[in-house]
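Student: output the structure for:
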Amino acid sequence: MVVLVTANFALPALHPLLWSAIGYASVAAILGGVHLHRPRRRAPWYLLAGAVACFITGDLAADVLTRLLHRSGFPSVADGFYLTMYVLIAAALAWLYRLGVVRRDPAGLFDAITLTAGLGLLSYIFLIRPYVDNPGMSPLDRSISIAYPLADIVVLLVGARLIASVRFNTAVALLAVGGVGLLASDVGYGLSQLSGDWATGGPIDIGWAAFYALWGGAALHPSMRQLTEPQVQRAGDERLGRLLLLGLSLFIAPVVLFVEMRGGQVRDAVAIAAVSALLSGLVLLRLGRAVRAQRLTVQRERRLRSAGAALLMATDEGAVLDTVRDAVADLLPAGRAHAVALGPALGERVSMPYTSSLDPALAEALGEFEVTLCCPLALADGRAAERALYVAAGEVGLVGLTDAAQILATQAAMALERIALGEEIGRRNSEAYFRTLVLNTTDVILIVAADDLVQYASPSAQVLFGTDLVGTALPDAFAAGGVAEVARRLQEVRTGGADRPGDDLQVTGADGRPALVEATFRDLRDEPTVRGVVVTLRDVTERSRLQAELYQRATFDALTGLPNREVFLTRVQEAVASGAETGATVGVLIVELDDFKVVNDTFGHGAGDALLVAVGQRLTEALRAVDGSYGAAGTVARLGGDEFAALVRRAGTPADVERVAERVLQSFKPPFELAHGTVTATASIGVATTAEAESAQDLLRHADLAVYVAKDAGRDRWRRYESSLHSAVVERHKLRADLDRAIADEAFLLHFQPIVTLADDRTRGFEALVRWNHPTRGPVPPDEFISVAEESGLIVPLGGWVLSNAIKSAAQWRISYPDEEIYVSVNVSARQFRTPDFAQWVLAEIDRMGLPPGGLLLEMTESLLLHDDGEVTAELEALRQAGVRIAIDDFGTGFSSLSYLRRLPVDVLKLDKSFIDTVVSSAEQHAVVDMIVQLARILKLQVVAEGIETGAERELLKSMGCDHGQGYLFSRPLSYGDASEWLSDDASGSQRGGRTAA
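Tutor: Okay, here's the model as predicted:
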């Protein structure tokens, strides 16, 4: 702009272009300054930019009219732009004054009006009255001409008020000088117009050029933000320059009157009188305002004295804050919303920060006020204030409260200091107590000198280290891995940095064993009583051990040491995420042991736990063996009970995961050698891959469904999840619900398959078999719903119903055919047998039905009978002593520990159908069956062969000495009515053929 101004005066021919560039450059500078510095309020600066734009646009319009169009530039559209400029300037300066948080200075307003009135009188005499008295001007011309000096007076008034009220800085100085340049050029222009010697490009343009340049510079200077920022200013003493300026203003009217009187004619008597009256009124108002201010000051001092007295009685910080709150409420105008709080100091000076810039907790306590008055709690001894009094309220209210709030903060600081000193006295009176604490604390307290040698050590150092460490270099007291860490932390605190604790440090304890310590370092070299770095050591060995143990318990199975479900799920999630990025297939295997309860029941829970540990090891070895062949072996985890899981990462295809499942299944073929004996175990495996699932949760859920199906399919196999499995599982759950309802409604039937003597085909008894005719499915195979009942626990009420009705049927046959001594054989599940007081319930039931105990044969599996705990044996003995007989069902298909038969309370062996099917065709099977029959005869046990279907099988078994048999050769299961008819035919000696159930 300086270059443009210089060129403007050097090149008059280019004046329109260069002058316009000067003006619009000023507009650009103001807008650029607003964008650059982002003041609190931008609108006043935009108004200033608009005023400058109007001014230069008016100049441009006047140049176009006069130079290009050769028309008169007055009056014209240019005057509209000029006058609009004055309105915008007055609004902008007034807005800047109202926005800034300034001191409450009504005297400044009176002084500004005084100065403006005096200068306005001169403006009237030299600039306005000539136009008023000019008869050659039209009303419009006269009005516009008068409007210019009047506008200058208004701008002078607003500008003087702003300058008198805000804190003086570079931006204010630039605005003031630029405004003076504008007013000076306006006055010069008016006078030259009256004299008729106005010409463009003269010295008068210098003031306007300064106006453009300085106002643009004011916007670009960083201090422009201070005009709208909250600031604190205190009323100072009256300055000599200001008083002289006001005095000169007061003498303007008398001097003008004197000059006109000396000229022989007083032409401006009215104006002189009006200005004199105005100035006299302003003097009176200022005096009255001073009296009122003095009265308010007295009232404020009285309230501050009252607050000071109340603070003397305060005993804690809460009481101090309550007193300050009451005092602030009295000092502010009645009903004025406000908030008071104590917080950390922002500096040593009173400031007015934005509430939002404070600490979040402090800002929340102060509410939604935009600005807050911060008064540091200065101490009398000159120490830096650490805390401050914060008062939030409206900006105008805070301005008037500044001085009083600072006095109140000083009083509060003295009260808090007094309270702190009282507490310090109390602490010093308890010095012996604290000394005792230090000397007896379990923490080790060390003072380390500049050369890293320990100068002082508390007695607890002897307990931890076995020595007092005095004279020892502190780093040497730690294990090799911690020496560098200790040296680093010593260096950091000595250079003014904060202590950054790392991991726990290891030392050698007094007993020679390693110990972990938690260390803190604090630089107290400036404390006369310490003069060193204080190091506090706390023995955390036990805590660290407990933390490690808790972590182990939280993430690993306590029995097998394998990860638990939470860890496994996390690793599956990581593998799925990695597989989604690389395109690899991720698989999950759920492995459940088959008949694990049999191991617990047979060998005890100790053997079961040992088997679980062995299974975990074998699964880990199996996955390690296939690592790299079909993918990357992942985590093996125990999910709970006898359920394990394995993760296969980065497999090529789902078929690779299936191969892993096959290898895992094959790993169960070798028996497990346990301390309790050799155990053969099988497993059912459910397989799921990311080919059917998108998340870890889906993988686990699908694998659970698949293992459920594998168990249902016969166990000792694996199944991969398919969408159809879900329907099958849902169907099985529905079957369980229907079974539950059927048990409640007793919607079952009992069929009876005859048990005959092979020697004469005479009926000795019946095996009770439960049948279920589903209302919509029709007959449901027993293998299907019995397995569901076993899994769900419904076998207990179902078995109770079967046993009760079988006893009832046998009792009725005993009454109808007393000579036959028919018995009924009933299968009892292990879960049913282990219900409390089962033996007593059975005996009570046969007694209630009137059936002799010998009329009941209970069939039980080997796994239950081979359990040698005292509870099972006692229950069986109670039943046998009462006359109830016990049979081993499906003998030869379970553990077949024949050595147990001698001591177990057993009466009957029931050979499984799988032996009978090949007894004729297989010499080996013939030998096995013959051996079992002969052993039973030696042990005086009856043998019942199941599933006899041909005469050859019957004759062969009969020749071996087998006592009884049952099967389709004799009869299929019969309804109760058909079984009764069967007994009738048997009693009468009638010829019978094979029958089917009704």
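Student: make it CA atoms for all contacts and neighbour counts henceforth
Tutor: Fine.
Student: keeping just the C-alphas, turn stretch 6-23 into PDB.
Tutor: Written as PDB, here are the backbone C-alpha positions of stretch 6-23 (Å, rounded to 0.1, in the frame of the first residue of the first chain):
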ATOM      1  CA  THR A   6       3.800   6.700  -3.600                       C
ATOM      2  CA  ALA A   7       2.800   5.800  -7.200                       C
ATOM      3  CA  ASN A   8      -0.500   7.600  -6.800                       C
ATOM      4  CA  PHE A   9       1.200  10.900  -6.000                       C
ATOM      5  CA  ALA A  10       3.900  10.400  -8.600                       C
ATOM      6  CA  LEU A  11       1.600   9.400 -11.500                       C
ATOM      7  CA  PRO A  12      -1.500  11.700 -11.400                       C
ATOM      8  CA  ALA A  13      -2.700  10.200 -14.700                       C
ATOM      9  CA  LEU A  14      -3.200   6.900 -13.000                       C
ATOM     10  CA  HIS A  15      -4.900   8.300 -10.000                       C
ATOM     11  CA  PRO A  16      -8.300   6.500 -10.400                       C
ATOM     12  CA  LEU A  17      -6.700   3.100 -10.900                       C
ATOM     13  CA  LEU A  18      -4.000   3.500  -8.100                       C
ATOM     14  CA  TRP A  19      -6.400   5.100  -5.600                       C
ATOM     15  CA  SER A  20      -8.900   2.300  -6.100                       C
ATOM     16  CA  ALA A  21      -6.200  -0.300  -5.600                       C
ATOM     17  CA  ILE A  22      -5.200   1.500  -2.300                       C
ATOM     18  CA  GLY A  23      -8.800   1.300  -1.000                       C
END
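Student: show me how far it is from its chain's centre.
Tutor: Its chain's C-alpha centre and that of stretch 6-23 lie 66 Å apart, by Cα atoms, centre = their mean, to the nearest Å.
Student: let me see the ranges of the helices in the stretch 251-400 of the chain.
Tutor: Here the stretch 251-400 of the chain has its helices, by DSSP state H, counting those that start in this stretch, at 269-313, 317-331, 360-366, 395-429.
Student: let's have those in TSV, adding distance to Trp718, mean pLDDT and mean neighbour count.
Tutor: Compiled in TSV, these are given as follows (distance: least, Cα to Cα, whole Å; pLDDT from 0 to 100; neighbours: other Cα atoms under 10 Å):
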stretch	distance to Trp718	mean pLDDT	mean neighbour count
helix 269-313	83	75	15
helix 317-331	73	86	18
helix 360-366	60	87	15
helix 395-429	75	79	18
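Student: adding distance to Val928, write these out as CSV.
Tutor: CSV is the format used below for these (distance: least, Cα to Cα, whole Å):
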stretch, distance to Val928
helix 269-313, 106
helix 317-331, 96
helix 360-366, 87
helix 395-429, 95
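Student: so which of these is nearest Trp813?
Tutor: When these are ranked by distance to Trp813, counting by Cα to Cα, first place goes to helix 360-366 at 88.9 Å.
Student: quick one: list the elements packing against the closest one.
Tutor: Applying 3 or more Cα pairs under 8 Å, 6 or more residues apart in numbering; DSSP states H and E, one finds that helix 360-366 contacts strand 338-344.
Student: partners of the strand it packs on in the sheet?
Tutor: Each strand that strand 338-344 pairs with, and the sense of that pairing, follows from DSSP bridges: strand 387-393 (antiparallel).
Student: just the CA atoms of the strand it pairs with, as CSV, please.
Tutor: Extracted in CSV, the C-alpha atoms of strand 387-393 (Å, rounded to 0.1, in the frame of the first residue of the first chain):
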residue,chain,number,x,y,z
ARG,A,387,-4.8,-21.6,43.6
ALA,A,388,-7.2,-19.0,42.4
LEU,A,389,-10.7,-17.7,43.1
TYR,A,390,-13.0,-18.1,40.0
VAL,A,391,-16.2,-16.0,39.6
ALA,A,392,-18.4,-16.6,36.6
ALA,A,393,-21.1,-14.1,35.7
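Student: so it versus helix 317-331, what angle?
Tutor: 40 degrees (axes from the mean of the first three to the mean of the last three Cα atoms, to 10 degrees).
Student: what angle separates strand 387-393 from helix 395-429?
Tutor: The directions of strand 387-393 and helix 395-429 differ by 150 degrees, with the same axes, to 10 degrees as the criterion.
Student: surely Ala78 touches Ile56?
Tutor: No - Ala78 is not in contact with Ile56 according to Cα atoms under 8 Å; the separation is 9.5 Å.
Student: how about low-confidence regions in the stretch 551-700 of the chain?
Tutor: By pLDDT under 70, the low-scoring segments of the stretch 551-700 of the chain are 629-633.
Student: centroid-wise, who is the farthest residue in the protein?
Tutor: Gly264 (91.8 Å; Cα atoms, centre = their mean).
Student: ok, and what's touching the longest strand seen in the chain?
Tutor: Once the chain is assigned using DSSP state E, the strand that runs over the most residues is strand 763-774. The contact list for strand 763-774 (Cα atoms under 8 Å, 6 or more residues apart in numbering) reads 747-757, 779-782, 802, 806, 820-827, 973, 983, 986.
Student: any idea which helix or strand comes after that strand?
Tutor: Note on strand 763-774: by DSSP states H and E, the next helix or strand toward the C-terminus is strand 778-780.
Student: give the next helix or strand downstream of that next one.
Tutor: Next helix or strand after strand 778-780 toward the C-terminus (DSSP H and E): helix 782-792.
Student: just checking, what packs against that following helix?
Tutor: Using 3+ Cα pairs under 8 Å, 6+ apart as the contact definition, the elements that helix 782-792 packs against are helix 723-745, strand 763-774, helix 795-816.
Student: you'd agree Val928 is in a helix?
Tutor: Yes - counting by DSSP: H, G, I helix; E, B strand; the rest coil, one finds Val928 located in a helix.
Student: that one - how many residues pack around it?
Tutor: Here the number of neighbours of Val928 (other Cα atoms under 10 Å) works out to 14.
Student: in stretch 786-806, what counts as buried?
Tutor: Going by neighbour count (16 or more other Cα atoms under 10 Å), the buried part of stretch 786-806 is 786, 788-790, 794-796, 798-806.
Student: export that stretch as CSV, just CAs?
Tutor: Provided in CSV are the C-alpha atoms of stretch 786-806 (Å, rounded to 0.1, in the frame of the first residue of the first chain):
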residue,chain,number,x,y,z
ILE,A,786,-34.5,-92.9,25.0
SER,A,787,-31.3,-91.1,24.0
VAL,A,788,-33.0,-87.8,24.3
ALA,A,789,-34.4,-88.7,27.7
GLU,A,790,-30.9,-89.7,28.9
GLU,A,791,-29.3,-86.4,27.7
SER,A,792,-32.0,-84.2,29.2
GLY,A,793,-32.5,-86.1,32.5
LEU,A,794,-36.1,-87.0,31.6
ILE,A,795,-35.0,-90.7,31.9
VAL,A,796,-35.6,-90.4,35.7
PRO,A,797,-39.4,-89.7,35.6
LEU,A,798,-39.8,-91.9,32.5
GLY,A,799,-38.0,-94.8,34.1
GLY,A,800,-40.0,-94.3,37.3
TRP,A,801,-43.2,-94.6,35.2
VAL,A,802,-42.0,-97.7,33.4
LEU,A,803,-40.9,-99.4,36.6
SER,A,804,-44.1,-98.6,38.5
ASN,A,805,-46.3,-99.9,35.7
ALA,A,806,-44.2,-102.9,35.1
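Student: and for it, what's in contact with it?
Tutor: Among residues not part of stretch 786-806, those counted as contacts by Cα under 8 Å, 6+ apart are 732, 735-736, 739-740, 743, 746, 750, 768, 770, 824, 826, 828-829, 831-832, 835, 845.
Student: what about 7 Å?
Tutor: 736, 743, 768, 770, 824, 826, 828, 831-832, 845 (Cα atoms under 7 Å, 6 or more residues apart in numbering).
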